[in-house]
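# I would like to see how this sequence folds:
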Amino acid sequence: MQPGPRNLITDIAGLRVGHAHDAALSSGTTVLTAAAPFTASCAVMGGAPGTRDTELLAPDKLVGGVDALVLSGGSAFGLAACDGVAARLRAAGRGMDFGGVTVPIVPGAILFDLMNGGRKDWAESPYPALGAAAYDAAAEDFDLGSVGAGFGATTADVRGGLGSASAVLAGGVTVGALVAVNPVGSPLVPGGGHFWAAPWEQGEEFGGRGAARDYPTGPGPTKVSPGENTTIAIVATDARLDKAGCQRLAIAAHDGIARAIVPAHTPFDGDLVFAVSAGDREVDPVGLMQVGHAAATCLARAIARAVFHAAPGAAQPSWQERFGAAGGGR
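Prediction:
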């Protein structure tokens, strides 16, 4: 597998991603959308999820297409970012028609960043406006690190962030991942700046340090306040999958979180992966297995890239401050 031309989830034709954040709030929102509805499902493996409309994505439910997916900070308040996205979609005439009423389908998931030092004394929720702004900013190219839903994210020992990665399989199928990294655990092997995801790194996309020489036998670091967590992600492919296939893809992709963060899927994390099919390339069951493996490796890489690109200057030190040169951007 090789990365796509952008090494972003938008290497899947038709997908666009937008960010919006508020530095004073120390929080933000990220939106994935496309010009037409796409098939999606999800899988939750954390013990403390916060979601909107995810039950619609089960294979046995009526809704067949999704207009956008939202990843947001803000805990339960952040789910209101979906309202801003839905308003933009409705104004554009997008959504399912119910007797002449257009209803955009906008599932979302949130992470907890309410205790990261940002201003949280607002009287009116800022998240609908952040959602609308993120939707307006959606494009094929977008930044990584301290942006969007990852702006206020933290980990056990360094600043979290927003990451993405892609891979093109031998048969031409493209797979990508988008993730906001805010876990109770750590993306780093204790004792240095080596990423747990190092075995899957492509080139020097997150520093090229390679794997650590020694690995701990006991537990690694975790956040002092274990309620301030959650890693939320989207994986996507241009393989043609139904909702059941997307659900299976989301389950397989969760392995990427476990490869890149230790510990993962804890009772204090709301770890969730959305899976999207936005293409018509045919795959058989063996092909679906390969797409699932690629999604897991892409997600592990995207997690490391989120942390690698996080900018200095927050209450928690960034990877670049501790182990590298000043970073940020893409």
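# Now do the residue of the chain positioned farthest from its centre against V66, distance only.
In terms of distance from the mean C-alpha position of the chain, G99 ranks first, at 34.3 Å (C-alpha atoms, centre = their mean). To V66, G99 is 21 Å away according to C-beta to C-beta, to the nearest Å. Every residue, glycine included, has its C-beta placed from N, CA and C.
# Then G117?
Counting by C-beta to C-beta - G117 and V66 are separated by 34 Å.
# These two: which is more packed in?
Remark: of G117 and V66, V66 carries more neighbours, 25 against 12, as counted by other C-beta atoms under 10 Å.
# Phi first, then psi, for C82.
Phi and psi for C82, reported as degrees, to the nearest 10, are phi -60, psi -30.
# OK, contacts around it?
R52, D53, V70, S72, V106, P107, G108, G131 (C-beta atoms under 8 Å, 6 or more residues apart in numbering).
# from the residues you listed, which is closest to V181?
Using C-beta to C-beta, S72 comes nearest to V181 of these, at 13.9 Å.
# So for V262, what pLDDT did the model give?
On the pLDDT scale, V262 is placed at 94.
# same deal with A165?
pLDDT, read off for A165, is 98.
# Number of residues surrounding it?
Applying other C-beta under 10 Å, we find 34 residues neighbouring A165.
# so it bridges to which residues?
A177 (DSSP bridges).
# Make sure it is actually in contact with H309.
No: using C-beta atoms under 8 Å, A165 is not in contact with H309; the gap is 11.5 Å.
# Just give me how far stretch 143-162 sits from the chain centre.
In terms of C-alpha atoms, centre = their mean, to the nearest Å, the centre of stretch 143-162 is found 11 Å from the chain centre.
# now swap in stretch 210-226 and tell me
Taking mean C-alpha positions (C-alpha atoms, centre = their mean), stretch 210-226 and its chain are 22 Å apart.
# So what touches it?
With C-beta under 8 Å, 6+ apart, stretch 210-226 has contacts from 115, 154-157, 184-186, 189-192, 194, 198-199, 201, 229, 262-263, 266, 268.
# Any buried residues in it, and which?
Within stretch 210-226, the residues that count as buried by 16 or more other C-beta atoms under 10 Å are A212, G220, P221, T222, K223.
# In terms of helix, strand or coil, where does the last one fall?
Pointing back at K223 there. At K223 the chain is in coil, as set by DSSP: H, G, I helix; E, B strand; the rest coil.
# Show the pLDDT at it.
Note for K223: predicted pLDDT of 85.
# how near is the residue farthest from the centre of the chain to R90?
Relative to R90, and taking C-beta to C-beta, G99 is found at 15 Å.
# Helices of the chain, start to end?
Using DSSP state H, the helices of the chain run over 81-91, 127-136, 243-260, 285-308, 319-323.
# Relative to the whole chain's centre, how far out is the first one?
Once both centres are worked out by C-alpha atoms, centre = their mean, helix 81-91 turns out to sit 20 Å from its chain's centre.
# What residues sit buried inside it?
With burial defined by 16+ other C-beta under 10 Å, the residues of helix 81-91 counted as buried are A81, C82, D83, G84, V85, A86, A87, R88, L89, R90.
# Test my guess that the fifth one contacts G131.
Yes: with contacts defined as C-beta under 8 Å, V85 counts as touching G131 at a distance of 4.5 Å.
# For these two, list the residues in contact with both.
Common neighbours of V85 and G131 (criterion: C-beta under 8 Å, 6+ apart): V31, V70.
# just checking, what packs against the helix or strand bottoming out on mean pLDDT in the chain?
Taking mean pLDDT, DSSP states H and E as the measure, strand 96-98 is the helix or strand of the chain with the lowest mean score, a mean of 85. Judged by 3 or more C-beta pairs under 8 Å, 6 or more residues apart in numbering; DSSP states H and E, strand 96-98 is in contact with strand 101-103.
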